[in-house]
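In: build me a model:
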Amino acid sequence: MIADAHSTCCSSSGYRELRHGERGSFARTWLPLLEAGGVGLQVCPVFVDLERQPEGTLREALGQATCLLRAVRENLDRVLQVRSAADLAPRRFR
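Out: Numbers count the residues shown, from 1 in each chain. You can find the predicted model right below:
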């Protein structure tokens, strides 16, 4: 399995959604790239730009997390949120 632990998909999708009102950017932009690259595990770090800190840090971080959760919900046939080691069991990846 290919795992990618350095990604801007969360912050980029969050930025597009929170600043521009764009919906579905994860499915349109990131998901096809991850699938084409054979990425089976994507770590989605939350990153807040310096210009948003310190006053907007919490709002920005929660906004990105919300966007990520929405992306997972909207793509349940292609995406699984890992919450425990059991979620990584081979039976989950058919």
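
In: which residues of this protein fall in helices?
Out: Assigned helices in the chain, in chain order: 9-20, 25, 31-36, 57-74 (criterion: DSSP state H).

In: so the lowest-mean-pLDDT helix or strand in the chain versus helix 57-74, what angle?
Out: Within the chain, no helix or strand scores below helix 9-20, which has a mean of 76 by mean pLDDT, DSSP states H and E. Here helix 9-20 points in a direction 100 degrees away from that of helix 57-74 (axes from the mean of the first three to the mean of the last three CA atoms, to 10 degrees).

In: still on that earlier bit, export the helices of the chain as CSV, with columns for mean neighbour count and distance to V82.
Out: The way it works is simple: take the backbone N, C-alpha and C, and place the C-beta from them, glycine included. Shown next, in CSV, are the helices of the chain (neighbours: other CB atoms under 10 Å; distance: least, CB to CB, whole Å):
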stretch, mean neighbour count, distance to V82
helix 9-20, 19, 14
helix 25, 19, 21
helix 31-36, 14, 14
helix 57-74, 16, 10
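
In: put the alpha carbons of the least confident helix or strand of the chain into PDB.
Out: Output in PDB follows, covering the C-alpha atoms of helix 9-20 (Å, rounded to 0.1, in the frame of the first residue of the first chain):
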ATOM      1  CA  CYS A   9      -5.400  18.200   0.300                       C
ATOM      2  CA  CYS A  10      -7.100  19.100   3.600                       C
ATOM      3  CA  SER A  11      -5.900  22.700   3.600                       C
ATOM      4  CA  SER A  12      -6.400  23.200  -0.100                       C
ATOM      5  CA  SER A  13      -9.900  21.800  -0.100                       C
ATOM      6  CA  GLY A  14     -10.700  23.700   3.000                       C
ATOM      7  CA  TYR A  15      -9.400  26.900   1.500                       C
ATOM      8  CA  ARG A  16     -11.400  26.500  -1.700                       C
ATOM      9  CA  GLU A  17     -14.600  25.600   0.300                       C
ATOM     10  CA  LEU A  18     -14.200  28.200   3.100                       C
ATOM     11  CA  ARG A  19     -13.000  31.100   1.100                       C
ATOM     12  CA  HIS A  20     -14.600  30.600  -2.300                       C
END
